[in-house]
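Below are the sequence and a predicted model; questions follow.
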Amino acid sequence: MQALRNFFRAAWSSDLKLDGKTVVITGANTGIGKETAIDLAKRGAKVIIACRDMEKAGAAVKEIIESSGSENVLCMKLDLADSKSIREFAEAINNGEPKLNILINNAGVMVCPYGKTADGFEMQIGVNHMGHFLLTYLLLDLIKKSAPARIVNVSSMAHNWSSINLEDINSEKSYDKNKAYSQSKLANVLFTRSLAKRLEGTGVTTYSLHPGVVQTELWRHLNGPQQILWKMATPFTKNSSQGAQTTIYCAVEPSLEKESGGYYSDCAPANCSADGKNDELAQKLWELSCRLLSVTWE
């Protein structure tokens, strides 16, 4: 049984320091985002956690400071379900920070009941993809100025389980919360792939990843039978610290400096789905995202 547990838990370590670097992590008040923040703060980076709930974020900052021994940690308000909040956050970063070396698009919602963002997007595609797409767009000039820099998108193996419904991206004709989640995670993989092509030669590299099956609050929306299965599977899952390792690997590992656009799992390159490698689908999603967000991003 221990061997099976180890199969799910990547062993990777690095003593690389990030002194003088600035990091933004979305949704880092809990789970793998918070563990990522602790690790990068220990490495000497200035860490900004971007969160919707400022009370929880404030408590998380205290814990990150205590665990990392670094005082260079702060929280800022960001609601990825509201483009107004995203623009306000980006403006504050662009005006207040001289550099941004690592952007980790970590926040997400999972298999939630049907709902819409402030801008009318289905909640999962809206937060997991559209929100991070807009945030990255608004911060990209600063990230380019800070090169070498990295953009890390936390996806999931669930991206294998659905495609992108370009004709009904907001699931208005029919809603399956599992398919909507999978669609949003596939969007993360395709966004990373498209972004890498557009950033060639800039010194900015991009990565998407599956963190593993992790014990986090994201599972709270599972139904009764799913909750039972989840409890049975728990002994073979990762805790938040273990689940953060691939995110940290993509943000830190020196050997990835010249790699971009790939998909990772267990701190190593991994195979994504056929749809995840589909450049035509990636381009169509890019164009649709730009149109729905009213941005011009060639």
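Alright, I've got the coordinates. Just so we're clear, the structure is a prediction, and the values are computed from it rather than from any experiment.

Quick check, G276 in contact with A187.
No: judged on CB atoms under 8 Å, G276 makes no contact with A187 at a distance of 9.9 Å. Yep, even glycine has a C-beta here, placed from its N, CA and C like the rest.

Buried residues in stretch 93-104, which are they?
Buried residues in stretch 93-104, counted by 16 or more other CB atoms under 10 Å: 93, 100-104.

for stretch 120-137, that is, sorry about that
Applying a neighbour-count criterion of 16+ other CB under 10 Å, one finds 121-137 buried in stretch 120-137.

how far does that stretch sit from the chain's center?
Distance, stretch centre to chain centre, for stretch 120-137: 11 Å (CA atoms, centre = their mean, to the nearest Å).

Start and end of that stretch, how far apart?
Stretch 120-137 has an end-to-end distance of 19 Å (CA to CA, to the nearest Å).

now the helices: where do they sit in this protein?
With DSSP state H, the ranges of helices along the chain come out as 2-7, 31-42, 54-68, 83-96, 123-125, 132-145, 177-198, 224-233, 240-243, 245-252, 279-293.

Could you dump those into CSV and include mean pLDDT and distance to G20?
Formatted as CSV, the helices of the chain follow (pLDDT from 0 to 100; distance: least, CB to CB, whole Å):
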stretch, mean pLDDT, distance to G20
helix 2-7, 41, 36
helix 31-42, 96, 13
helix 54-68, 97, 16
helix 83-96, 98, 17
helix 123-125, 98, 36
helix 132-145, 98, 15
helix 177-198, 97, 25
helix 224-233, 48, 41
helix 240-243, 79, 25
helix 245-252, 97, 14
helix 279-293, 98, 33
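
between these, which one is nearest to G212?
In terms of CB to CB, the element of those nearest to G212 is helix 240-243, at 5.1 Å.

what comes up buried for that closest one?
Quick answer for helix 240-243 (16+ other CB under 10 Å): 240, 242-243.

okay if I get these as JSON lines plus distance to K179?
Listed next are those as JSON lines, based on distance: CB to CB, whole Å:
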{"residue": "S240", "distance to K179": "26"}
{"residue": "Q242", "distance to K179": "28"}
{"residue": "G243", "distance to K179": "23"}
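
between these, which is nearest E35?
Using CB to CB, S240 comes nearest to E35 of the buried residues of helix 240-243, at 4.8 Å.

Can you show me the CA trace of stretch 276-286 as CSV?
Extracted in CSV, the C-alpha atoms of stretch 276-286 (Å, rounded to 0.1, in the frame of the first residue of the first chain):
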residue,chain,number,x,y,z
GLY,A,276,-4.9,19.7,-25.2
LYS,A,277,-2.5,19.5,-28.2
ASN,A,278,-5.0,20.8,-30.7
ASP,A,279,-3.6,24.1,-32.0
GLU,A,280,-6.8,24.8,-34.0
LEU,A,281,-9.0,24.4,-31.0
ALA,A,282,-6.5,26.5,-29.0
GLN,A,283,-6.7,29.3,-31.5
LYS,A,284,-10.5,29.2,-31.6
LEU,A,285,-10.7,29.3,-27.8
TRP,A,286,-8.2,32.2,-27.8
